[in-house]
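Undergrad: Got a predicted structure plus its sequence, pasted below:
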Amino acid sequence: MRKSFFIFVILLIFLSCDKTLVDINTLDFSNAELEYDIAINGFISTEKTRHKVTLTKPAAIGDIIGYNPISNAEVSINDGDNTYPFEWIDEKRAYYSVDSIQAVQGVDYTIEIVYDGKRYTATDRVPITSINDTINPFKRTIIYDDNGNISPPDDDWVELSVTQHNFGFDKHLIMLVNDIICEDHVSDSIKNIYSDITWLSQRFRIHVHQGSLPQGVFPSGFRGTGYSGEPTDTIELVYLTTSDTYYEYLISVFNETDWKSGMFSTIAGNSKSNVSGGGIGYFYVVSSRRVRITYQDLIKTLM
């Protein structure tokens, strides 16, 4: 009797459930409060230059998603002894340090932003790195002939490929690759474009990961790029070493973006932030090292 009654209750529950399709456009989010007041993105490095910080207004659900810069804030960075003010550059739609800044390894740097009567801060430390460390995530591109067979390497031309995420290394860092152009044939205007600090955010970033993360090793897809030239041609490798806390932030971002739909994807969650007082984003510092090397020397160090 009890068993029959239990089955009856379960059937009643299932029969009483009814799915209704709701159009998201009919939902009213106008009264939903934003969790964050400001989004901060900026960095300084051990290279002496005018560094850049962007401040944006987070968009609410239902708003038109776009770049909404904040131009009326007070921005500065300090290292405990010195304060470096920033100024708004209208044509860049961002803040740039008034003077050139060169971060020092092992020092904490704090960004301070005053906006709409509130104060926001974020701190990161420049990692201490060895200048002799070299990491090479590149692979020699496999070339096939017309019959589908692997062609032997061309002694007169080197083609390299690399993926955006590379695993199995004993440390984490970011790499950039700059093609070296003969400076005698480059105008001053082109040199100024290449010297703009936006190179860090605009160029293809190669991420070198410490160890192996299943969600990153087995993603649903990946991005890659290639570089090629004559054996004696020179390229510039830029090694950017970050703090462990910024690396944790990057992993939290990749878990929600690049690695979101893989077979080992993680549970959804917010990305990390080091911004205080109702802000989001990350202010970070990097230790930068540039190495110029020929293709023939680079392929000698391939894994």
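TA: On my side now, so go ahead. Numbers count the residues shown, from 1 in each chain.
Undergrad: all helices of the stretch 101-250 of the chain, in order?
TA: Secondary structure of the stretch 101-250 of the chain by DSSP state H, counting those that start in this stretch: the helices cover 188-195, 199-202, 214-217, 244-256.
Undergrad: moving C-terminal of the last one, what's the next helix or strand?
TA: Downstream of helix 244-256, the next assigned helix or strand under DSSP states H and E is strand 279-294.
Undergrad: State the distance from the residue sitting nearest the centre point of the chain to Ile70.
TA: Among the residues of the chain, Leu250 comes closest to the average C-alpha position under Cα atoms, centre = their mean, at 6.3 Å. Going from Leu250 to Ile70 by Cβ to Cβ, to the nearest Å gives 24 Å. From N, CA and C alone the C-beta is placed, and that goes for glycine too.
Undergrad: so what's the nearest residue to His209 once chain neighbours are set aside up against?
TA: Spatial nearest neighbour of His209, excluding adjacent residues (Cβ to Cβ, 6 or more residues apart in numbering): Phe167 at 4.8 Å. Taking Cβ atoms under 8 Å, 6 or more residues apart in numbering as the criterion, Phe167 is in contact with His209, Gly211, Ser212, Leu213, Gly216, Val217.
Undergrad: Apart from its chain neighbours, what residue comes closest to the residue nearest to the centre of the chain?
TA: That would be His207: by Cβ to Cβ, 6+ apart, it lies 7.3 Å from Leu250.
Undergrad: how about the one you found, what does it touch?
TA: Gln164, His165, Asn166, His172, Ile174, Met175, Leu250.
Undergrad: Next, please give the residue ranges for the strands of the stretch 101-250 of the chain.
TA: Assigned by DSSP state E, counting those that start in this stretch, the strands in the stretch 101-250 of the chain fall at 108-115, 118-125, 139-140, 158-163, 165-169, 173-179, 206-210, 224-229, 234-242.
Undergrad: lowest-confidence stretch among those?
TA: Note on the strands of the stretch 101-250 of the chain: lowest mean pLDDT is at strand 173-179, with a mean of 88.
Undergrad: List the contacts of that strand.
TA: So strand 173-179 is in contact with 135, 137, 194, 199-200, 203-208, 227, 235-242, 286, going by Cβ under 8 Å, 6+ apart.
Undergrad: Could you measure from Gln102 over to Glu112?
TA: For Gln102, the distance to Glu112 - Cβ to Cβ - is 19 Å.
Undergrad: These two: which has the busier surroundings?
TA: Taking other Cβ atoms under 10 Å, Gln102 and Glu112 do not tie; Glu112 has more neighbours (17 against 11).
Undergrad: ok, that one touching Ala73?
TA: No. Assessed by Cβ atoms under 8 Å, Glu112 is found out of contact with Ala73, at 10.2 Å.
Undergrad: who touches both of those two?
TA: If you check Glu112 and Ala73 against Cβ under 8 Å, 6+ apart, no residue is contacted by both.
Undergrad: how many other residues sit next to the spatially closest residue to Val275 that is not a sequence neighbour?
TA: Nearest residue to Val275 in three dimensions, chain neighbours excluded: Ala122, at 4.7 Å (Cβ to Cβ, 6+ apart). Residues near Ala122, counting by other Cβ under 10 Å, number 22.
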